[in-house]
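A.B. asks: Only the shape, not the letters, is given here:
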């Protein structure tokens, strides 16, 4: 097996084989791209047409089903009027029998005229006709209906639509006295004072009425259509055996979104329409159904590729053979090209000495100029490297020079505030501390300073801030033994401490305690700054993390932290990272990690 793989690899190591492969790719790639685009556009057109046809059928179904729903609601309104008349009639009077008979005739007419499976009226047991047994039943029998509890307790004035499996009606009305699943439209009237149910009535509809319409519309297709209640119960389905089942939560969440009517999940397109009673009319169009209608196109494209491939290979072999004779000689000249060698190797002879320079083509001239190119590049390499190092130093110095005025502006603002409040002693102490602060920072001229010096700078800054905030600010600084001798970017900690103070003190968190810990990692230094301040809002925290991840410096927001992160991330300054975690009114944690760097003459020169 290894010999076979080595032989194959040796074949493709020849330039002619690579050239053949390149020509083949350059020929088949456009052909394949055009074929893909053509197929994709055609598929999209077919999909649009199929979707348009399905949506048109859906619209017709929606009109039909909404008409049936509105018809049922109108019947329910008519029954409501009859029930009001019946409830206002004294059951002890002879007139009550006449009213009851009239209502019963209306119920029978509604059932027969509009083709309902059954209509049931539930009355208090003392009401006239409550025990009639065909259309009228005692109010207690309402318990046999599985009315959703929440809707039953708060029926309002709207109808309650739900699915009831295995419903039985009196044997006189039922064919064979068999149980049947039904769709129920129910209305309840509750006494406003006592909360008791005064009467109720239900209109029962055979689900097959809707299921047959759905099945007939999409017969002989893989398209599925169904009606689902708001709780996911399937009221009617093009596959009648699925009536009464419940949609999974993911599908229910998808169809109940207040977004576009047509959505796609996986390989299925969902078209959802909301009916007048709150049901979802859902049509599922699988991608396989669309692809099935484009198979002939795909077969045609594959056949075209299989026929054109052998002819393309033959032409490419002939062309590549002529080109590689010259290119093999050029490859020998390329082997003599070694970047960085002071003494270039001699270039192999590419053309005959008797050949006139005026007859040289591009390949001849390319090989002859290799030697001059190598010499020129070697001379420029040192200059390029030195320029790159200089550019890196300038970028760092620019970032460092930007953050110092930012810090000084904030401190001078605090001093001005103290003077305005006639706190001259505090202002004087802040100026003294500021002098000590800058004496220490300016004394350290390098870009990298010892961690002990950076901690001292941080302590001086906290002392200045405490003069303004008094007992509202406290801190503690801890460092593991020996770690203070490692190096760190100058002026790293102050922007984080400033944010903890400026944004941490609030009405909810009037006192802020800052903890600064320096510890060892795996060949790294880990600095953790935590506070119990106001924290960062989730949206602002996400924005800050994006700034850190992209290593950008925005002069409008997160300037200090972004500046430090940009400097720390440089390989010259420890390949550092900054991580921020925060919760509102609980505090913020900053974790700074960078490689352990020791003081040396070489580093001093690099950073100086």
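C.D. replies: Perfect, I can see it now. Nothing here was measured: the structure is a model prediction, and the numbers come from that model. Residues are numbered from 1 along each chain as shown.
A.B. asks: Give me the pLDDT for the spatially most central residue of the chain.
C.D. replies: With distances taken as C-alpha atoms, centre = their mean, residue 542 lies nearest the centre of the chain, 14.0 Å away. For residue 542, the model assigns a pLDDT of 90.
A.B. asks: quick one: secondary structure of it?
C.D. replies: helix (DSSP: H, G, I helix; E, B strand; the rest coil).
A.B. asks: low pLDDT regions in the stretch 51-200 of the chain?
C.D. replies: Filtered on pLDDT under 70, the stretch 51-200 of the chain yields the residue ranges 91-93, 148-157, 170-178.
A.B. asks: I'd like the next helix or strand past the helix or strand in which residue 269 is found.
C.D. replies: Per DSSP states H and E: residue 269 is located in strand 268-274. Reading on from strand 268-274 to the C-terminus, the next helix or strand found by DSSP H and E is strand 280-286.
A.B. asks: Sheet partners, orientation included, of that next one?
C.D. replies: Taking DSSP bridges as the criterion, strand 280-286 forms sheet pairs with strand 224-228 (antiparallel), strand 268-274 (antiparallel).
A.B. asks: Which of those strands sits closest to residue 506?
C.D. replies: Comparing the strands paired with strand 280-286 by their distance to residue 506 (C-beta to C-beta), the top pick is strand 268-274, with 45.8 Å. Glycine gets a C-beta too; all of them are placed from N, C-alpha and C.
A.B. asks: Farthest out from the centre of the protein, which residue is that? Tell me.
C.D. replies: No residue in the chain sits farther from the centre than residue 94, which is 71.0 Å out by C-alpha atoms, centre = their mean.
A.B. asks: Grab the longest helix from the chain for me.
C.D. replies: helix 15-87 (DSSP state H).
A.B. asks: What angle do strand 268-274 and that helix make with each other?
C.D. replies: Taking axes from the mean of the first three to the mean of the last three C-alpha atoms, to 10 degrees, one finds helix 15-87 and strand 268-274 inclined to each other by 20 degrees.
A.B. asks: What is the three-state secondary structure of residue 582?
C.D. replies: For residue 582, the secondary structure call by three-state DSSP comes out as strand.
A.B. asks: and it, how many residues sit next to it?
C.D. replies: Neighbourhood size, residue 582 [other C-beta atoms under 10 Å]: 21.
A.B. asks: Residue 594 too?
C.D. replies: 24.
A.B. asks: Check the gap between residue 421 and residue 240 for me.
C.D. replies: Separation of residue 421 from residue 240 (C-beta to C-beta, to the nearest Å): 82 Å.
A.B. asks: higher neighbour count, these two?
C.D. replies: residue 240 (16 against 11).
A.B. asks: Just give the nearest non-adjacent residue to that one, would you?
C.D. replies: The shortest distance from residue 240 to any non-neighbouring residue, by C-beta to C-beta, 6 or more residues apart in numbering, is to residue 211 (4.5 Å).
A.B. asks: In the helix or strand where that neighbour lies, which of the residues would be classed as buried?
C.D. replies: Under the criterion of DSSP H and E, residue 211 resides in helix 208-217. Neighbour counts over helix 208-217 (16 or more other C-beta atoms under 10 Å) mark 208, 210-211, 213-215, 217 as buried.
A.B. asks: Adding distance to residue 264 and pLDDT, write those residues out as CSV.
C.D. replies: Converted to CSV, these look like this (distance: C-beta to C-beta, whole Å; pLDDT from 0 to 100):
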residue, distance to residue 264, pLDDT
208, 30, 90
210, 25, 90
211, 25, 90
213, 25, 89
214, 21, 88
215, 24, 88
217, 21, 84
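A.B. asks: How about the contacts made by residue 110?
C.D. replies: Contact partners of residue 110, counting by C-beta atoms under 8 Å, 6 or more residues apart in numbering, are 75, 78-79, 116, 119.
A.B. asks: if we go to 7 Å?
C.D. replies: Counting by C-beta atoms under 7 Å, 6 or more residues apart in numbering, residue 110 makes contact with 75, 116, 119.
A.B. asks: And it, how far from residue 562?
C.D. replies: For residue 110, the distance to residue 562 - C-beta to C-beta - is 74 Å.
A.B. asks: same question, residue 64
C.D. replies: Residue 64 sits 62 Å away from residue 562, going by C-beta to C-beta.
A.B. asks: Of these two, which one has the most company?
C.D. replies: Using other C-beta under 10 Å as the criterion, residue 64 and residue 562 rank with residue 562 on top: 23 against 13.
A.B. asks: Regarding the more buried one, what is its secondary structure?
C.D. replies: Under three-state DSSP, residue 562 comes out as helix.
A.B. asks: Report how many residues lie close to residue 457.
C.D. replies: Counted with other C-beta under 10 Å, residues neighbouring residue 457 total 23.
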